[in-house]
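**Student:** Next input, structure requested:
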Amino acid sequence: MTGLINPEIDTLLKDTSRSFFLTLEMLPKKIRGQVGLLYLLARVADTIADTKTGSADHLIKTLEEYDSVAQGTSNELPEMESIAALQEHDGERRLLGNVGGVISALEKYSEDDQKLIRKCLGIIIGGQTLDLQRFGPANESGSISALQHPDELDDYAYRVAGSVGEFWTSITLAHLINVNQQKESRIYDHGVRFGKALQMINILRDIPEDLRFGRCYIPMDSLDAIGISPTNLLEAGNMEKFRPLYDQLLDVTSGHLDAAVEYVGMLPYSQFRLRGACMLPILIAQNTVNMLREQNVLDAENRVKVSRDEIKILIKKTKRSLLIPGASQKLLKTNRDA
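**Tutor:** Prediction:
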């Protein structure tokens, strides 16, 4: 893949993006840099918000100050050294040490693109701030707080991921494709649901880890209805009682993924790279949902994850399908039902 932004920023992107970098490589060059930069800017905020020490007020203040600089309303970055020193991931430490360079990279793009990036980043940081206000820092305090209503779960999924689907659609329409007004409304709706699907999978896969850090994203109203508390989810033996609710949440996720499949179907056949970049995360997500339906997600020792070998196979299947009209949709639907 050719350079995106500059060598230093590109290295940070590769070191911190893991599986997302596979999607980024497939994207058309016209939007690859903008999407990659939003990822890095959001990763900075995510790293701050997920720091497993300190007070919620301090982390919220750091997020607010960082967002002010990213939005162009301030020139004073918050103190990052102490937070950077706490990170276990080398890439995240280097990222926090070069926040100024990442923000400066916005200047590479048009004002319209900067506005799209900043708008999405602001929504994401709003979701992370709300998370800290609800749950506090992600540390092992022994206490667990939970969302109250299903609407709060949906709102959170929009803020931290659905908004990215919205941005992805906006940057695509700005640079790659044209659609009429009626189709534009549908593609935005499907784009938001695409993002929500990926976040729901993260939540439904990572229940034990989130509980360990005091966070329960399964709403209390839903848990109360089946006579389960957040602490009950710490015991793998409670999976049978939890399964009906869990399957309902997987059904919601699958519905969002079906919207993502329709999203791909709305893209022009000629946009091979764009379709491929959308297909790969959908295929991985479909496989993950199928695995989650079969396994005990409450078993903290058995985290569900699609293997690297499986991902390599999915990449090959994706590339082959792009060259044959109708093959992409067939692959997505066959994989869903596997």
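**Student:** For stretch 193-210, output the C-alpha coordinates as PDB.
**Tutor:** Listed next in PDB are the C-alpha coordinates belonging to stretch 193-210 (Å, rounded to 0.1, in the frame of the first residue of the first chain):
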ATOM      1  CA  ARG A 193     -26.400   0.100  11.200                       C
ATOM      2  CA  PHE A 194     -23.200  -1.300   9.700                       C
ATOM      3  CA  GLY A 195     -21.200   0.500  12.400                       C
ATOM      4  CA  LYS A 196     -23.700  -0.500  15.200                       C
ATOM      5  CA  ALA A 197     -23.300  -4.200  14.200                       C
ATOM      6  CA  LEU A 198     -19.600  -4.100  14.700                       C
ATOM      7  CA  GLN A 199     -19.900  -2.500  18.100                       C
ATOM      8  CA  MET A 200     -22.600  -4.800  19.200                       C
ATOM      9  CA  ILE A 201     -20.300  -7.700  18.400                       C
ATOM     10  CA  ASN A 202     -17.500  -6.200  20.500                       C
ATOM     11  CA  ILE A 203     -19.900  -5.800  23.400                       C
ATOM     12  CA  LEU A 204     -21.400  -9.300  23.100                       C
ATOM     13  CA  ARG A 205     -18.000 -10.900  22.700                       C
ATOM     14  CA  ASP A 206     -16.200  -9.100  25.500                       C
ATOM     15  CA  ILE A 207     -18.800  -9.400  28.400                       C
ATOM     16  CA  PRO A 208     -16.300 -11.100  30.800                       C
ATOM     17  CA  GLU A 209     -13.600  -8.500  30.300                       C
ATOM     18  CA  ASP A 210     -16.000  -5.600  30.600                       C
END
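**Student:** Run a quick check on residue 321 versus residue 328, I expect a contact.
**Tutor:** Yes - distance between residue 321 and residue 328: 4.7 Å, which falls inside the contact criterion (C-beta atoms under 8 Å). Using the backbone N, CA and C atoms, a C-beta is placed for each residue, glycine as well.
**Student:** Name the residues contacting each of those two.
**Tutor:** residue 279 (C-beta atoms under 8 Å, 6 or more residues apart in numbering).
**Student:** So the two - more neighbours on which side?
**Tutor:** Residue environment comparison for residue 321 versus residue 328 gives the larger neighbour count to residue 328, 25 against 19, counting by other C-beta atoms under 10 Å.
**Student:** State the number of residues packed around the residue nearest to residue 203 when sequence neighbours are not counted.
**Tutor:** Spatially, and ignoring its direct neighbours in sequence, residue 203 is nearest to residue 217 (4.6 Å; C-beta to C-beta, 6 or more residues apart in numbering). Around residue 217 sit 24 other residues, with neighbours defined as other C-beta under 10 Å.
**Student:** give me every residue that touches residue 217.
**Tutor:** By C-beta under 8 Å, 6+ apart, the contact set of residue 217 is 146-147, 153, 156, 203, 207, 210.
**Student:** ok, now residue 291?
**Tutor:** Contact partners of residue 291, counting by C-beta under 8 Å, 6+ apart, are 304, 306.
**Student:** and whatever helix or strand it lives in, which residues are buried?
**Tutor:** With elements taken from DSSP states H and E, the one containing residue 291 is helix 272-294. Applying a neighbour-count criterion of 16 or more other C-beta atoms under 10 Å, the buried positions in helix 272-294 are 272-290, 292.
**Student:** So which residues of the stretch 1-150 of the chain form strands?
**Tutor:** 145-146 (DSSP state E, counting those that start in this stretch).
**Student:** actually the stretch 151-300 of the chain, not the one I wrote
**Tutor:** Counting by DSSP E, counting those that start in this stretch, the stretch 151-300 of the chain has strands at residues 215-216.
**Student:** Which stretches in it count as helices?
**Tutor:** Shown for the stretch 151-300 of the chain, the helices assigned by DSSP state H, counting those that start in this stretch span residues 163-175, 181-205, 207-212, 220-225, 239-265, 272-294.
**Student:** Now the second one: buried residues?
**Tutor:** Pointing back at helix 181-205 there. Residues of helix 181-205 classed as buried by neighbour count (16+ other C-beta under 10 Å): 187-201, 203-205.
**Student:** And for stretch 218-231?
**Tutor:** Taking 16+ other C-beta under 10 Å as the basis for neighbour counts, the residues of stretch 218-231 that come out buried are 218-220, 222-223, 228, 230.
**Student:** Would you confirm that residue 125 contacts residue 46?
**Tutor:** No - counting by C-beta under 8 Å, no contact exists between residue 125 and residue 46, whose distance comes to 9.4 Å.
**Student:** In this protein, where is pLDDT below threshold?
**Tutor:** Low-confidence segments of the chain (pLDDT under 70): 1-3.
**Student:** can you rerun that using 80?
**Tutor:** Scanning the chain for pLDDT under 80 picks out 1-5, 17-19, 53-54, 138-142.
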